[in-house]
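Asks: Compute the structure for the input listed below.
(chains A and B)
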Protein chains: 2
Amino acid sequence: MTIFGLEANQVARLAAGVSVDHDTDIDESAAAEIFARASWTGIAEPGDSTAGALVAAIGPVQSLTALVDGWSIERVAAVLVDAGSEPISPRDLALAFERWRPRLVSRAVVTSLRQAARVSARLIHPADSLWPSAVDDLGVHAPIALWVRGTEAALQSIGSSIALVGARAATGYGEHMAMELGAGLSDRGVAVVSGAAYGIDGMVHRAALASGGLTVAFLAGGVDRFYPSGHDALLGRIATVGAVISELPCGSPPTKWRFLQRNRLIAASSIATVVVEAGHRSGSLNTAAHAASVGRPLGAVPGPVTSPSSAGCHRLIREFDAACVTSVDEVLELAGGFAIDEPRPPELDLGLGAGSDRRPPEQLRVLDALSARAARTTSDIARRAGLATSATEAVLGMLALEGCAVEADTGWRKKKG
Amino acid sequence: MTIFGLEANQVARLAAGVSVDHDTDIDESAAAEIFARASWTGIAEPGDSTAGALVAAIGPVQSLTALVDGWSIERVAAVLVDAGSEPISPRDLALAFERWRPRLVSRAVVTSLRQAARVSARLIHPADSLWPSAVDDLGVHAPIALWVRGTEAALQSIGSSIALVGARAATGYGEHMAMELGAGLSDRGVAVVSGAAYGIDGMVHRAALASGGLTVAFLAGGVDRFYPSGHDALLGRIATVGAVISELPCGSPPTKWRFLQRNRLIAASSIATVVVEAGHRSGSLNTAAHAASVGRPLGAVPGPVTSPSSAGCHRLIREFDAACVTSVDEVLELAGGFAIDEPRPPELDLGLGAGSDRRPPEQLRVLDALSARAARTTSDIARRAGLATSATEAVLGMLALEGCAVEADTGWRKKKG
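Replies: Okay, the predicted model is just below:
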């Protein structure tokens, strides 16, 4: 069997170099699957729904064969019917084949696989135990495979991770909040996912690393060349103790499109997304939109109205119903799945007619009517409080028991303090 | 006819001194009504629902007579039936009579009326054209009458006013926001209502005054002695060009209970309430709760999570569904009734897969694939963009028309800037 013009043994060798099971022998069909998925990560741009649908329907190997061998649209459609799959419109298929064909270069696949093996990047795919299955919620927009550098623990943590994202142009306040939330989640054993950008993202990763927590960075380009370059050392540390992930093969530069598609992975892989600080048009609003579209709870950290760097967060709260989150507990509450043991402090109950003092109205009014300096008669207190004398007597008795009121010879006084 | 032990001519003279129509003669029944309502403001504590129900059912004069002449509960109930009114539980009536009786001092009423006349305070009641009828939404908790010092224009503005309230312990940020919103609303011709406390409230009033706007302060004690005393000059100015209002007669000290009840008037009289800055247990949360309970839109200004003075605002947004408001426009939007002419800026539309760049995906991807330095062939661009060559050609044509791409001898380049 040849695939994409390569012999089976060559495919097996290349696949073994990037397989997560690289210590064990992989059989020919597993090798072909890995090789084909690796090829697809370079052929289709992230989020290509036709590629997603085709690979899901007839598998990556047959899909690749159809493309390489130049099958007619009719033949592909017939195979889809045989596979009992959802049909794909012939027009979409034709357009897709046309846009995939310019990238059909087996040399590029070989180069990217070799480069991946060189930097110890692995390819994980939906059948792997380490696959972050939450991304499958993206449907036909789910990634065909993911390139990863990192630890198994970090990859396994993604299923219960929380995404903390924000603008590159962060303020000291935003960085402080990123640090607080990133460290706080790490302290509770929750992995934090972000995009490794300057500003908020970088601070989130640093906070997790500083707390000994797990953190995962999704990149918009290949995992062999870290972006931004100023975060080279940071990403190196994340790859060592956490995980750096991309759906693009090694050697791929990040582009605007890929940043936007990368954001969908951050949003879909985590159980909730919180925007820590974002300007009115920040790219992190795109991550927020993805989180909302894939049904993940969305939160935003408020900030000063006078800070343009918080305008995006306020928009999310106002217009997109994002929860206003101000603490780690509130982030966990947003994510839902985590039990929070601390009972609500009693003052969290906003009452009418009581405000900061939780006493019943009569007690409050009698207390109002008491003086700490001068003793007052019960009837005077009743008049001042606007209560019946009998009721006033009863309340005074209660207050005396509590030690708030003292009876003297000439009447009642408020106890100080 | 005597009322409360006073002769009709004495009642008429006292009532004329505080009537809003004091330049014209008032007839005996109008004088009795004014006098009786004035009495009730001193006999029943603010928000006394039995007083509200009784006065609404059989009028202030007959209610006062029943109390002064010591009618039996049965007789009062019979009169209520004759008036075709909702019955009041005998137990509630008995308890109420018991608590009102200690305050049945006609001398106190006379003193407060004389003091009101001395400071030019007027008594307005539900039949007056200047009555802020929105407070009637409080039902049996509505005030029986209001003592006012101020201008007709200010009283008339209450119907379309917005309440801006907040904590005494305000930060520079909170005061800045109070000034911004208070001045901004004034500039749009909207009156601002607040509570004249130190901190946010005071700043709101000052902002309105500085902008030449109308402002109204509700007090928890009599309008003859301004509270807090440090705001004596400020309240004097408000009384001169705006209005200072209380439901308590002159001479009444403010109490905790009265502050809480005063808050219901601030909330009910305005079409919307916005909390500018408030700590976790601030009294302004009580105003917010009143606004919500009487069905008024509620807003809160977000602030730094690191500032305890914004914690109450964040609670309102999180737990009480208050709108997150960050500008005068958003306050007006909250209030609903005001048309905002400015169209939404186009970037207010959060899109998936587009972020800050609103181009269609294909254009974005082709732009990503172009270089400003090196010219690239169409097929190279197609491969980089992951698009069909024909589609790439079409997009390049569009971009060339827009001036974003330039065709050279060796291919296409991105136009700089």
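Asks: wait, isn't residue A:242 in contact with residue A:212?
Replies: No - Residue A:242 is not in contact with residue A:212 according to C-beta atoms under 8 Å; the separation is 11.0 Å. Backbone N, C-alpha and C define where each C-beta goes, glycine included.
Asks: The two - which one has more neighbours?
Replies: residue A:242 (27 against 10; other C-beta atoms under 10 Å in any protein chain shown).
Asks: ok, now which ones touch residue A:59?
Replies: A:33, A:36 (C-beta atoms under 8 Å, 6 or more residues apart in numbering or on different chains).
Asks: swap that for residue A:413, please
Replies: Remark: with contacts taken as C-beta under 8 Å, 6+ apart, residue A:413 is in contact with A:370, A:371, A:372, A:373, A:374, A:375, A:376, A:405, A:406.
Asks: Same check on residue A:64?
Replies: Per C-beta under 8 Å, 6+ apart, neighbours of residue A:64: A:3, A:4, A:36, A:39, A:40, A:43.
Asks: Okay, residue A:69 and chain B: tell me how far apart.
Replies: 18 Å (C-beta to the nearest C-beta, to the nearest Å).
Asks: So what's the residue count around that residue?
Replies: Neighbour count of residue A:69, defined by other C-beta under 10 Å: 9.
Asks: Residue A:59 versus that one, what's the distance?
Replies: Plainly put, residue A:69 is 15 Å away from residue A:59 if you go by C-beta to C-beta, to the nearest Å.
Asks: next one: residue A:119
Replies: Going from residue A:119 to residue A:59 by C-beta to C-beta gives 28 Å.
Asks: same question, residue A:130
Replies: Per C-beta to C-beta, residue A:130 is found 20 Å from residue A:59.
Asks: And residue A:118, by the same measure?
Replies: On the measure of C-beta to C-beta, residue A:118 and residue A:59 end up 28 Å apart.
Asks: How about the residues of the stretch 151-300 of chain A by chain B?
Replies: Contacts of the stretch 151-300 of chain A with chain B, taken as C-beta under 8 Å from any C-beta of the partner chain, map to A:173, A:176-177, A:255-261, A:263-264, A:280-283, A:285-286, A:288-290, A:293.
Asks: Just to check, residue A:211 is in contact with residue A:183?
Replies: Yes - counting by C-beta under 8 Å, residue A:183 is a contact partner of residue A:211 at 4.5 Å.
Asks: remind me, longest helix of chain A?
Replies: Determined from DSSP state H, the single longest helix within chain A is helix A:49-68.
Asks: quick one: low-confidence ranges for chain A?
Replies: Scanning chain A for pLDDT under 70 picks out A:1, A:22-24, A:337-358, A:417.
Asks: rewinding a little: in strands, which of the contacts of residue A:413 fall?
Replies: Those of the contacts of residue A:413 mapping onto strands are A:405, A:406, per DSSP state E.
Asks: related to what we said a few turns ago, would you mind telling me which of residue A:211 and residue A:183 has more residues around it?
Replies: Neighbours per residue, other C-beta under 10 Å: of residue A:211 and residue A:183, the larger number sits with residue A:183, 22 against 18.
Asks: Please list all residues in contact with that one.
Replies: A:207, A:208, A:210, A:211, A:213.
Asks: What subset of the residues of the stretch 151-300 of chain A next to chain B is buried?
Replies: By neighbour count, with 16 or more other C-beta atoms under 10 Å in any protein chain shown, these hold A:173, A:176-177, A:255-261, A:263-264, A:280-283, A:285-286, A:288-290 as buried.
Asks: In the stretch 101-250 of chain A, which residue sits nearest chain B?
Replies: residue A:102 (3.9 Å; C-beta to the nearest C-beta).
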